[in-house]
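Chemist: when you get a sec, could you give me coordinates for this:
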Amino acid sequence: MKATDLMVKCLENEGVRYIFGIPGEENIDLVHSLAASEQIEFVTVRHEQGAAFMADVYGRLTGKAGVCLATLGPGATNLLTGIGDANLDHAPVVAITGQAGLERMHKESHQYIDIVAMFEPVTKWSI
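Modeler: Predicted coordinates:
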């Protein structure tokens, strides 16, 4: 069993029905594991900000956690406005992003950003 298969099982156990997002290189294993799920539907969006707002509205309407998915770097930054809105509205939302390896942290990599630090001011918990 792959780690992403286990992650999907955990999301299923929490009652997740939809994940809104954009597939990318860093999250493709999770997207493949989601394809095997009979409970969770992956809803592809055109922009990550739309995914965050969809998860926000889903959380507000149902009281269950809305889940959004993005790739690393700019994909993750695009979630920020919707996640901040969800936090201000006290909507239950989980955001999952890809991330570059730590070996790229201090190099000139246009895709690396400290996503955890970026999300800390607008979330209850960021890891």
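Chemist: rest of the way, CA atoms for contacts and neighbours
Modeler: Will do.
Chemist: for the longest helix belonging to the chain, buried residues please.
Modeler: What stands out as the longest helix in the chain, according to DSSP state H, is helix 48-62. Neighbour counts over helix 48-62 (16 or more other CA atoms under 10 Å) mark 48-60 as buried.
Chemist: spell out, range by range, the helices that occur in this protein.
Modeler: 3-13, 28-35, 48-62, 74-77, 80-88, 115-119.
Chemist: make CSV from the buried residues of helix 48-62 and add distance to C68 and pLDDT to it.
Modeler: Putting the buried residues of helix 48-62 into CSV (distance: CA to CA, whole Å; pLDDT from 0 to 100) gives the following:
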residue, distance to C68, pLDDT
E48, 8, 96
Q49, 9, 97
G50, 9, 97
A51, 6, 98
A52, 6, 98
F53, 9, 97
M54, 8, 98
A55, 6, 98
D56, 9, 97
V57, 11, 97
Y58, 11, 97
G59, 11, 96
R60, 14, 95
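Chemist: show me the shaky parts of the protein.
Modeler: Applying pLDDT under 70 to the chain flags residues 101-110.
Chemist: could you check how many residues crowd around H90?
Modeler: As a burial measure, H90 scores 14 neighbours (other CA atoms under 10 Å).
Chemist: what separation do you get for it and R17?
Modeler: Computed as CA to CA, to the nearest Å, the H90 to R17 distance reads 20 Å.
Chemist: next: L61.
Modeler: 13 Å.
Chemist: do the same with S126
Modeler: Distance from S126 to R17, by CA to CA: 22 Å.
Chemist: then V45?
Modeler: 16 Å.
Chemist: just give the nearest non-adjacent residue to Q99, would you?
Modeler: Distance criterion CA to CA, 6 or more residues apart in numbering; nearest residue to Q99, sequence neighbours excluded, is L72 at 4.8 Å.
Chemist: isn't the one you found right next to A100, touching?
Modeler: Yes - L72 is within contact range of A100, at 6.8 Å (criterion: CA atoms under 8 Å).
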